[in-house]
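Enquirer: whatever this is, show me its structure:
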Amino acid sequence: MDVAEPSLLEIVVPAYNEAARLPDGLARLSAALDALPFPTGVIVVDNASDDGTPDIVRGWTGPVPVRLVGCARRGKGAAVREGLLATRAPYVGFCDADMATGLAALKTAVGLLHAGHPVVVGSRRHPQSRVEDYSHPLRKFGAVTFNLLIRDLAGGVTDTQCGFKFFAGPLARAAAAELRTTGFAFDVELLMHCARRGAAITDLPVEWRDVPGTTFSVRRHSFSCLRDLARIRFNAARELSRPGAAAEWPVTSALPALPVAPAFPVTETSRSGPG
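Expert: Got it, this is the predicted structure:
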């Protein structure tokens, strides 16, 4: 019996009642990962769904292994945290079940990780990105305001909420272990924990399209996001006031080289530190 090689890259997909969109998303993600020249895997985190989401994952067959992790605590942040902590690969990432971010950027993200960038984040505000956004104007205004409020916390990132992020595995697991935000503002805290460790954050241009069916609602979630941001900012100030609080991320971490190069040249922006 052949023993599967351990994955060098694992991607977490948080899923709450995604039975309608998950099959297509998993098929596309599996095809993109199968095209990479090294072993990969997918972790779908069932975030207490009450539809057939977990059954889809249990019965899934495809070119890359897909495993199911349960997360009884509701919230995208809780699901991503559970998924990242369940990873074992030297490189990890997460993306949304709707695959709103084009997977053509996957090889470029992996190439940047291979080149030594510890955090690579998709950015819809990168000058090379192509975005089809048909969302309500109020939601667009809220997104711009949100990112202005938190840029100093998240290492200067201009688009914290794009669901397409990749990390050196040890760094991601260390940051996720400290993650306390369970809702949609979790990206800010996760990036803050990476930046606090001195890890440079690299913006990646993406193709992104607005996909119907998002669970985020400006009316229902704005207050909780602002509340979470206030808590994140308070905790950040308290943490940075402690002597020796900022642990430096070792640039020369013992991570295996990946047999892949960036798919195409990009003009990326790297930042380090929380401000």
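Enquirer: list the buried residues of stretch 63-83.
Expert: Residues 64-66, 68-69, 71, 75-83 are the ones in stretch 63-83 that count as buried (16 or more other C-beta atoms under 10 Å). For the C-beta atoms, the positions are set from N, CA and C on the backbone; glycine is no exception.
Enquirer: in strands, which of those residues appear?
Expert: Among the buried residues of stretch 63-83, DSSP state E puts V66, L68, V69 in strands.
Enquirer: touching, the second one and D46? I think so.
Expert: The one in question is L68. Yes - judged on C-beta atoms under 8 Å, L68 makes contact with D46 at a distance of 6.2 Å.
Enquirer: and for these two, which residues touch both?
Expert: Listed as contacting both L68 and D46 by C-beta atoms under 8 Å, 6 or more residues apart in numbering are P54, V57.
Enquirer: what's the closest of the buried residues of stretch 63-83 to A15?
Expert: Of all those, A15 sits closest to A79, with 7.5 Å by C-beta to C-beta.
Enquirer: contacting residues around the closest one?
Expert: For A79, the contact set (C-beta under 8 Å, 6+ apart) comprises P14, A15, Y16, V45, N47, C71.
Enquirer: what does A168 give?
Expert: Counting by C-beta under 8 Å, 6+ apart, A168 touches P90, Y91, L113, P118, V119, A199, S253, L255.
Enquirer: the fifth one: neighbour count?
Expert: This means V119. Residues within reach of V119, counting by other C-beta atoms under 10 Å, total 28.
Enquirer: beta partners for the closest residue to it other than its chain neighbours?
Expert: Leaving out its chain neighbours, the residue that sits closest to V119 by C-beta to C-beta, 6 or more residues apart in numbering is I201, at 4.5 Å. Beta bridges link I201 to V119, R271, judged by DSSP bridges.
Enquirer: and the strands in the stretch 51-200 of the chain?
Expert: Using DSSP state E, counting those that start in this stretch, the strands found in the stretch 51-200 of the chain span residues 66-70, 91-95, 119-123, 130-132, 164-168.
Enquirer: what's the least confident stretch among these?
Expert: Ranked by mean pLDDT, those bottom out at strand 130-132, which scores a mean of 91.
Enquirer: for T181, give me the pLDDT.
Expert: pLDDT, T181: 94.
Enquirer: list the residues that contact A89.
Expert: By C-beta under 8 Å, 6+ apart, A89 lies in contact with P6, S7, L8, L9, E10, G41, G169.
Enquirer: so the fifth one, which of the three states?
Expert: The reference is to E10. strand (DSSP: H, G, I helix; E, B strand; the rest coil).
Enquirer: quick check: it touching V92?
Expert: Yes - shown here, E10 and V92 form a contact pair, counting by C-beta under 8 Å, at 5.1 Å.
Enquirer: anything in contact with each of these two?
Expert: With C-beta under 8 Å, 6+ apart, E10 and V92 have common neighbours G169.
Enquirer: so where's the chain uncertain?
Expert: Along the chain, segments meeting pLDDT under 70 span 1-3, 134-155, 213-223, 237-254, 261-275.
Enquirer: how about the helices in it?
Expert: 22-34, 53-58, 76-86, 106-114, 137-150, 169-177, 186-196, 218-240 (DSSP state H).
Enquirer: which neighbouring elements make contact with the shortest one?
Expert: Contacts defined by 3 or more C-beta pairs under 8 Å, 6 or more residues apart in numbering; DSSP states H and E place helix 53-58 against helix 22-34, strand 40-46, strand 66-70.
Enquirer: contacting residues around that helix?
Expert: 15-19, 22-23, 26, 44, 46, 66-68, 70.
Enquirer: buried set for it?
Expert: Those would be T53, P54, I56, V57, for helix 53-58 by 16+ other C-beta under 10 Å.
Enquirer: distance from it to the middle of the chain?
Expert: Offset of helix 53-58 from its chain centre (C-alpha atoms, centre = their mean, to the nearest Å): 21 Å.
Enquirer: how about the CA coordinates for it, as CSV?
Expert: Written as CSV, here are the backbone C-alpha positions of helix 53-58 (Å, rounded to 0.1, in the frame of the first residue of the first chain):
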residue,chain,number,x,y,z
THR,A,53,-22.0,20.7,4.0
PRO,A,54,-20.2,18.1,6.1
ASP,A,55,-21.7,15.2,4.0
ILE,A,56,-20.3,16.8,0.8
VAL,A,57,-16.8,16.8,2.3
ARG,A,58,-17.1,13.2,3.7
